[in-house]
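Undergrad: This is the structure alone, sequence omitted:
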């Protein structure tokens, strides 16, 4: 830190400069471009966000900076400078010192980033040893670092191994390790992706706090626009390995000047938009593949504003003043991009008065886990009307997926509960259910790669479902197949393909077509868009809404994304440790008054259009379902806990107002009073 | 991260199927091609070798017994004057019948066993797995030895014994692949169509576990050749008067102290080349599948 | 199980010993003396209770108690196996580690393909070639493992080098391959990236972060190789005329000497079980995830 050379250059140089950086991966004997002539600079103390969808090269950019590309990756052009020093010219020892003293990195999946066979304390002290601090002193510094990332029980954590920590704690440790050398450049690559919403919010808060305490410049990489908008001063948008737009966060998100940014921002369900208020915007077409040859503008194929010039001539990065850049020939009219909104279909309201299509009464599921009883689902009762969508919301361990599998008969519930489909009791297991009952309830899984048999063609996948579920064959099957394929907006030419030849969005359409093959009454959608990019997600949500309007099908929609759930759902159930904490009409649950847990979940959602406000943060981690806390299961983290009663008695699920149930000891009017001033903030983005 | 960057990419429709891709990858693999050429050479020798050997591999010629390599006898002659070169050329015939048949038996039995235990799991799987584990604890050579002592030596016995002792190993590979496949949602989707267990196992799961089966089969072929050669050497495999390599070494190695190296060296090198050839093929396939 | 295996094998013991031309009455008498005409369960009980007490029965062929024979043979085999193991474990691991650190470079190709090739060669083939090279042509090493009476430790070792080499070669490729795969996985892991990006010297990264995680699976493999090793002993001991457990089993099998055969195989089973247990133990000591269990 007292290196005179560094101090001398330090005043003038940027923290990071990428100059015309190009990176390629060698796949199948060919070099495929991943980053194309990317230039960007991060000033001292600045936080720069790099956003883009999967495959746009954002992680590659991060790995290039620390010169840690995968074996088949190579920098094919350009330069990288940290503190004005050319990273590519460093020899092995200088590179090591740069990593030890100047740059640090935190990435996704902290469980893998920590060495499984070394205690946390040792993994931290070795960093201080590099700086010549050893023994007791190093241990004290390590402990101080853990305190700094506000981990609970830092002394205990020092002695533990990574697998003994929860995901949120692991990421705190990873951040502590990254900050231990007091770096001038900190790279955060999707640091909260994969964490639960409430944990993600805590980690983001921590990063924001640390930013104020430390001087490090930050390169923040994320696919989540809202996260970046809250964390960064300036933002760059990557598309197909090219920087297409850059500017201050406020400018780019409020006044985008590239059609891609414009379209991307419109794709997100915002401001409590609902399916009956119209469809979401989509971006037609697909991301160009890695290494695709691009002549002209990379986005031209998907851009409604594109003309011949766009397809012919690669737009330069136009300077728009105030440090704003846009790689669009028509940046001045980017915002006039026509909405790619499919024609609106009016949704008939769900027939709530009618006999429910599905009734669940007192369903439980207990697993045996290392001698403990793990209550994955506890006393769940609810109704589903024809044409209605029930949104299931909850973090990991909430039992939402187990509940879905119980309904489908893939997992048998404990004795005692009852599931009724159209008035008839369902056998606990699939084998005991009639063919009609089986085809009446189908599922769209989260991950189409797992859900679609990779050995079979699309035609076989859908055809087999039609044969088994609709009992069709021969000509009738062919006709229905064409119809079904068209209704999910696939084309004839997709039919011969195998799943791996299709993109994620197309695969999910195949899965949806399969679920609808037998005219189901209920389709369970288990996080159907969480593996997809935002631009693809919108199209899938639209498709689900259209199909519901046409087929009068009921959905059970599972998602951790509250904006998405709100868009599709008529009714919401909030689950925590296998229990329903709140159940009610979608608007009531979102607008409140709501259960304190729901309140915290809503508050945890990163919002695009609002910077920090009074946020509710949960302490600690989600307890294990094998050992739930006594009394109310949420009491260990509840910010509105009222006292001993919460610790001793489990509150019942009581009716707060017609159709709206809350499991809390705090009376409804009191909740309303407590949450009144906060209600304005709980609008999801 | 960079991995997801590269894998979630849009793939243009019309790309080659997985097996065509495997084929082209193999054609680029030097390892595979070298191995394949060696194996092909011995297969041709086994099929047509007798038409181009200079001498009858079984004809003795006591006068010229134990003559060292020369222009007439490239590889010399053995203790009853048979031409070693001719014997080496046709010596692949028996081993190349017995070993592949044993492997085939092992693959079919092992695949069926692995599919059933992996798919049904539960108590049946536990019992079968324990039995297989206990079975695998005894070295294959010893199992084979015991069985052949009991059943007598014939090619059929060797095939059955090696086939059945390799079956559990293949079953274990298949089972673990099936267990992983079974967790995938397409199996649940099949159940949600009320498909029969048979359909799910053979139409849904089996095509997806072919690659590990293919690799395991070629690995086992290498070991089957290993085992047949070893059993022949021990006197429990292929029986005289076959010019089989292992058998020839068994008959002649007692004399190597006397310096008659040619009676065993060429057979040993022949076995070595065949086994290495098969394993280069295996390695090539494995590499191509991992790419 | 071993016992049943031995009994299910058809073949009349008395007939096997006395040969096809013996008088039927003589065969019956011998069978009675040996006790093989008693009911199976009775035989099993007396056999197993005997084995537990260290009495392995009497050899049909040698007409001597089995136990001392088996123990002596096992001792010899363990000597041979120990030499092979002592050579192969460090060299095999080193080979794999060096190959992984030079991934896809010529050194890696040489070690990988060389290891793969020698591993798949039957022991008698490598044995013959090694005997020809070192015993016949160069005359550096004795071609028989039978050392002179009263040979000292180093003389014994000298006689054991050649026989242990084929075993070494078979195991080398296996161990090197596992070590290489484990190393590659560990080198590609996120935690190695973390360690490198911490700015640790490459040497520290390898020694502290990579090796331990990389070599865990190899340890288990080494133990499972005991089975192969014993299989190999049968061949090697025959080829080098060495009085070990392998040649004991081989001779017993040929002579249908069931008490000898059963005891020999059961002994192997025990050795195998002990090796597997030892590996499990070592694995759990080295792996905190198993030692401490998970809280998640």
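TA: That came in fine, so what should we check first? In this text, all values refer to a predicted model and were calculated from it rather than measured experimentally.

Undergrad: roughly how far out does stretch A:110-119 sit from the chain middle?
TA: Stretch A:110-119 sits 23 Å away from the centroid of its parent chain (C-alpha atoms, centre = their mean, to the nearest Å).

Undergrad: what's next to that stretch, contact-wise?
TA: Outside of stretch A:110-119, the residues within contact range by C-beta atoms under 8 Å, 6 or more residues apart in numbering or on different chains are A:106-107, A:120, A:123, A:158-163, A:167, A:170-171, A:173-174, C:189-191, C:193-195, C:208-209, C:212-213, C:286-289. Quick note: C-beta positions are derived from backbone N, CA and C, even for glycine.

Undergrad: Those also near chain B: which ones?
TA: residue A:107 (C-beta under 8 Å from any C-beta of the partner chain).

Undergrad: Mark which of the contacts of stretch A:110-119 are buried, thanks.
TA: A:106-107, A:120, A:123, A:158, A:160-163, A:167, A:170-171, A:173-174, C:189-191, C:193-195, C:208-209, C:212-213, C:287-288 (16 or more other C-beta atoms under 10 Å in any protein chain shown).

Undergrad: Tell me which of these fall in strands.
TA: Among the buried ones among the contacts of stretch A:110-119, DSSP state E puts A:106, A:107 in strands.

Undergrad: Can you flag which of the buried ones among the contacts of stretch A:110-119 belong to helices?
TA: Counting by DSSP state H, these place A:120, A:123, A:158, A:167, A:170-171, A:173-174, C:190-191, C:193-195, C:212-213, C:288 in helices.

Undergrad: Among those residues, which one lies nearest to chain B?
TA: Ranked by distance to chain B (C-beta to the nearest C-beta), these are led by residue C:190 at 9.0 Å.

Undergrad: which stretch of helix or strand covers the nearest residue to that closest one once chain neighbours are set aside?
TA: Nearest residue to residue C:190 in three dimensions, chain neighbours excluded: residue A:112, at 4.0 Å (C-beta to C-beta, 6 or more residues apart in numbering or on different chains). Assigned by DSSP states H and E, residue A:112 belongs to helix A:110-113.

Undergrad: so whichever residue of chain A sits closest to chain C, which of the three states?
TA: Chain C sits closest to residue A:100 of chain A, with a gap of 2.4 Å, by C-beta to the nearest C-beta. Assigned state for residue A:100: helix (three-state reduction, DSSP: H, G, I helix; E, B strand; the rest coil).

Undergrad: In terms of pLDDT, where does the nearest residue to it once chain neighbours are set aside sit?
TA: Take residue A:100 and drop its neighbours on the chain: the residue closest to it by C-beta to C-beta, 6+ apart is residue C:199, 2.4 Å away. pLDDT for residue C:199: 92.

Undergrad: Residue C:199: neighbour count?
TA: Other residues within reach of residue C:199, judged by other C-beta atoms under 10 Å in any protein chain shown, total 23.

Undergrad: Name all residues that make contact with it.
TA: Here residue C:199 is in contact with A:96, A:97, A:98, A:99, A:100, A:101, A:127, A:130, A:181 (C-beta under 8 Å, 6+ apart).

Undergrad: Give me the secondary structure label for the last one.
TA: The one in question is residue A:181. coil.

Undergrad: That one - how many residues pack around it?
TA: Quick note: residue A:181 (other C-beta under 10 Å) scores 20 neighbours.

Undergrad: per-residue confidence at it?
TA: 88.

Undergrad: what does the one 3 residues further on give?
TA: We have a pLDDT of 90 for residue A:184.

Undergrad: ok, and the closest non-adjacent residue to it?
TA: In space, and not counting its chain neighbours, residue A:184 is closest to residue A:102: 5.4 Å by C-beta to C-beta, 6+ apart.
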